[in-house]
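In: Predicted model and sequence below, questions to follow.
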Amino acid sequence: MYRTFATLFLCLSFFVSNAQKDAKSQEILKAVSAKYKSLKSLSATFKVNIVDQKSNTTQNQAGSMILSGNKYNLTLTGQQIISDGKTSWTYLKDANEVQINDGASKDDAISPSNIFTIYEKGFNSRFVDEKTMGGKAVQTIDLTPLDKTKPYFKIQLQINKTDKTIAGAKVFNNNGSIMTYTITKYTPDAAVSDAQFMFDVKKHPGVEVVDLR
């Protein structure tokens, strides 16, 4: 599930690469980057569709996220990941267990706290096309990682042409699975509080605390 979490935010951290890229994709991604960097906070809900072509199975999940600077609160099916920038908590609902880790991002780690700088290296980008979807102009860009050891070989982004926000993303994994993320609701500069970026043990009676720091 952590890989799903990391991939999700990779999909929101695509913006611009120092590697080879066409001028059209660079222009669009720079505009998207500027848009997100201008926000004090954001909240969003999303759907995830996972298709495993080898086993011919499909999974559907739903999630939500709140982001403010290097703080975040991410909820996925059966799991919640929270960070105040210094400490991170991963709450596993079914096990009633919370795992505590150092919240500081490593230089090569993908997390909500560095999604606006991870784009600076590691990807080629290519403008694919522009289509009308749901009455809105949507631009599609393909990203391919320079590091061929990554678990995915392509990320396809769908960007709202008018407001430069992310409409969705599709991750093509080396194992044959395809993960499609669709943003269902997006609120820029959402009202947030510090309490949303800390795990409150008192609200989870009997929770097992596993400190991994």
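Out: In hand now; what should we look at? Numbering: from 1, shown residues only.
In: Can you name the element that comes right after the helix or strand residue 143 falls within?
Out: Using DSSP states H and E, residue 143 sits in strand 136-145. Following strand 136-145 in sequence order, the next helix or strand is strand 152-160 (DSSP H and E).
In: can you list contacts of that next one?
Out: With Cβ atoms under 8 Å, 6 or more residues apart in numbering as the test, strand 152-160 has contacts from 7, 10-11, 14, 28, 32, 128, 133, 136-145, 165-174. C-beta here means a position set from N, CA and C on the backbone, and glycine is covered the same way.
In: Just want the angle from the strand holding residue 143 to strand 152-160.
Out: Here the directions of strand 136-145 and strand 152-160 differ by 160 degrees (axes from the mean of the first three to the mean of the last three Cα atoms, to 10 degrees).
In: Give the residue farthest from the middle of this structure.
Out: residue 206 (30.6 Å; Cα atoms, centre = their mean).
In: That one and residue 97 touch, don't they?
Out: No: at 10.1 Å, residue 206 does not count as touching residue 97 under the criterion of Cβ atoms under 8 Å.
In: show me what contacts residue 49?
Out: Residue 49 neighbours (Cβ under 8 Å, 6+ apart): 58, 59, 60, 179, 180, 182.
In: The helix or strand where the last one lies pairs with which strands, and in what direction?
Out: Secondary structure assigned from DSSP H and E places residue 182 in strand 177-188. In the sheet, strand 177-188 lines up against strand 42-52 (antiparallel), strand 166-173 (antiparallel) (DSSP bridges).
In: Check which residues of the longest one are buried.
Out: By neighbour count on 16 or more other Cβ atoms under 10 Å, the buried set for strand 42-52 is 42, 43, 44, 46, 48, 50.
In: Please render those residues as a markdown table that adds pLDDT to the earlier fields.
Out: Formatted as a markdown table, the buried residues of strand 42-52 follow (pLDDT from 0 to 100):
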| residue | pLDDT |
| --- | --- |
| 42 | 89 |
| 43 | 91 |
| 44 | 88 |
| 46 | 88 |
| 48 | 87 |
| 50 | 91 |
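In: Once you drop chain neighbours, what's closest to the residue farthest from the centre of the chain?
Out: residue 96 (6.0 Å; Cβ to Cβ, 6 or more residues apart in numbering).
In: Would you mind confirming that residue 144 makes contact with residue 128?
Out: No: counting by Cβ under 8 Å, residue 144 stays clear of residue 128, with 12.0 Å between them.
In: For the two, indicate the residue with more neighbours.
Out: residue 144 (19 against 14; other Cβ atoms under 10 Å).
In: how many neighbours does the closest residue to that one other than its chain neighbours have?
Out: Spatially, and ignoring its direct neighbours in sequence, residue 144 is nearest to residue 124 (4.9 Å; Cβ to Cβ, 6+ apart). If you count neighbours by other Cβ under 10 Å, residue 124 ends up with 16.
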